[in-house]
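K.L.:
Take a look and give me a structure for this.
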Amino acid sequence: MSENTKYICECCGKEHEEWPSLGYSSPTHYNDLTDDEKGSIAELTSDLCEIKYSDQTDKFIRCTLTQKVIDHCENLEYGLWVSLSDESFEDYSANFNNENHETKYFGWLSNYLPDYENTTNIPTTVYTKKGNSRPEIIPNHDFEHQFVKDYNDGITKEEAERRITEMLNRQ
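P.N.:
Purely as a prediction, here's the structure:
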């Protein structure tokens, strides 16, 4: 993490190295396609993804998630994908450039997170934001899954740094 920008933390007044976001460039469903399928049935941009199967179309948007770090003044940021219903995806797409659009949607987390089992089935609420920032997702707090528990309870600085190091080593 030595390549990151250093800054003085407003929270504690100490110098820190800024953590990178743990970002995913596509949903797991897209990653699972063959190269031929990616070229023929899928469309992927930096913010939207559609996969058109013969019997259904899966639709995804890119979002953010902020993971609380309990013993540090910086939180861990994720760039994740969620699947939306047709109606929600159409509303999001229609308002993509509307800087004043604020709403919420139901979505399913659509990335495999290596520290957890089956994260592609976690229900979330997607909150759009004014100013065309990427929407933020909040996992359903009642859903029983270790990722949701960690989201609600927070993780340690040591755990956050381990995740960052593992993500950087995979690139």
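
K.L.:
Please identify the buried residues of stretch 51-62?
P.N.:
By neighbour count on 16 or more other C-beta atoms under 10 Å, the buried set for stretch 51-62 is 51, 58-62. For every residue, glycine as well, the C-beta is placed using N, CA and C.

K.L.:
ditto for stretch 42-49
P.N.:
42, 44, 47-49.

K.L.:
Contacts made by it with the rest, please.
P.N.:
Identification of contacts with stretch 42-49 by C-beta atoms under 8 Å, 6 or more residues apart in numbering yields 25-27, 29-30, 33, 38, 50-52, 59-62, 81, 93, 96, 134.

K.L.:
Any regions of the protein where pLDDT drops low?
P.N.:
For the chain, applying pLDDT under 70 flags the ranges 1-17, 171.

K.L.:
Which strand in it has the most residues?
P.N.:
strand 57-67 (DSSP state E).

K.L.:
Using JSON lines, please lay out the buried residues of stretch 42-49 together with distance to Val148 and secondary structure.
P.N.:
Shown next, in JSON lines, are the buried residues of stretch 42-49 (distance: C-beta to C-beta, whole Å; DSSP: H, G, I helix; E, B strand; the rest coil):
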{"residue": "Ala42", "distance to Val148": "29", "secondary structure": "strand"}
{"residue": "Leu44", "distance to Val148": "27", "secondary structure": "strand"}
{"residue": "Asp47", "distance to Val148": "25", "secondary structure": "coil"}
{"residue": "Leu48", "distance to Val148": "26", "secondary structure": "strand"}
{"residue": "Cys49", "distance to Val148": "24", "secondary structure": "strand"}
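
K.L.:
Name the nearest of the residues you listed relative to Glu87.
P.N.:
Of all these, Leu48 has the smallest distance to Glu87: 15.3 Å, by C-beta to C-beta.
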